[in-house]
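A.B. asks: Next come a sequence and a model predicted from it.
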Amino acid sequence: MLIISACLVGEKCRYLGDGFDYPALRKLVEAGKAVPVCPEVLGGLPVPRDPNEIVGGNGFDVLDGRAKVITNRGVDKTAAFMRGAVEVLDAARKSGARIAILKERSPSCGSTMIYDGTFTGRKICGYGCTAALLTREGIQVYSEENYKKCKEIENICSD
Ligand code: SF4
């Protein structure tokens, strides 16, 4: 079983109110091999919503209280992001998922790059909050850009 960012499989849960459609990932959900989740919606944020970025570090720093998640208007949404991350971890544990495919560059779901907290489009290497919590709890995190490198995912796809 896999956890997948809901916005990768057609759910319109992004901050702009849109989503993406990766047919190969959507088929995994339709086959009952993946659970779609949106940590920001699970954390109580609306759709659409103001864009958020991590200020002062990356997702691991947010987990450890050294950084915050802030909207482009300066509102602190750290608590909602933490709630969402815990909800996704709970969903992973309940479904038995040990691998997640999460949307790259999101302040929740990014696992290689995130935005740098200046709302200028600059990116830095780092994890979002949910990707960091799942990783810390032993769940492997890939993105829509690199999941094909994972043999275990390949096996789940071809089962
Ligand atoms: Fe939700 Fe993650 Fe997609 Fe953002 S990237 S809309 S938090 S699933």
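C.D. replies: All right, it came through fine.

A.B. asks: When you work out contacts or count neighbours from here on, use the C-alpha atoms and nothing else.
C.D. replies: OK.

A.B. asks: does any part of the helix or strand Thr130 falls within sit near the ligand?
C.D. replies: Here Thr130 sits within helix 129-136, counting by DSSP states H and E. No. On the criterion CA under 6 Å from any ligand atom, helix 129-136 is out of touch with the ligand, staying 8.3 Å away.

A.B. asks: Can I get that helix in CSV, CA atoms only?
C.D. replies: The C-alpha coordinates for helix 129-136 follow below in CSV (Å, rounded to 0.1, in the frame of the first residue of the first chain):
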residue,chain,number,x,y,z
CYS,A,129,6.4,19.1,7.0
THR,A,130,4.5,15.9,6.1
ALA,A,131,7.4,14.5,4.1
ALA,A,132,9.7,15.1,7.1
LEU,A,133,7.4,13.5,9.6
LEU,A,134,6.9,10.4,7.5
THR,A,135,10.6,10.1,6.8
ARG,A,136,11.4,10.5,10.5
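
A.B. asks: could you point out which element follows that helix?
C.D. replies: In N-to-C order, the element after helix 129-136 by DSSP H and E is strand 140-143.

A.B. asks: Contacts for that following strand next, please.
C.D. replies: In this structure, residues lying in contact with strand 140-143 by CA atoms under 8 Å, 6 or more residues apart in numbering are 98-104, 110-111, 131, 134-135.

A.B. asks: Kindly recompute the last result at 6 Å.
C.D. replies: The contact list for strand 140-143, computed with CA atoms under 6 Å, 6 or more residues apart in numbering, reads 99-104.

A.B. asks: just to revisit the earlier point, which strands and helices lie in contact with the helix holding Thr130?
C.D. replies: Where contact means 3 or more CA pairs under 6 Å, 6 or more residues apart in numbering; DSSP states H and E, helix 129-136 is packed against helix 59-63.

A.B. asks: ok now the helix it packs on, how far from the chain's centre?
C.D. replies: Between the centre of helix 59-63 and the centre of its chain there are 13 Å (CA atoms, centre = their mean, to the nearest Å).
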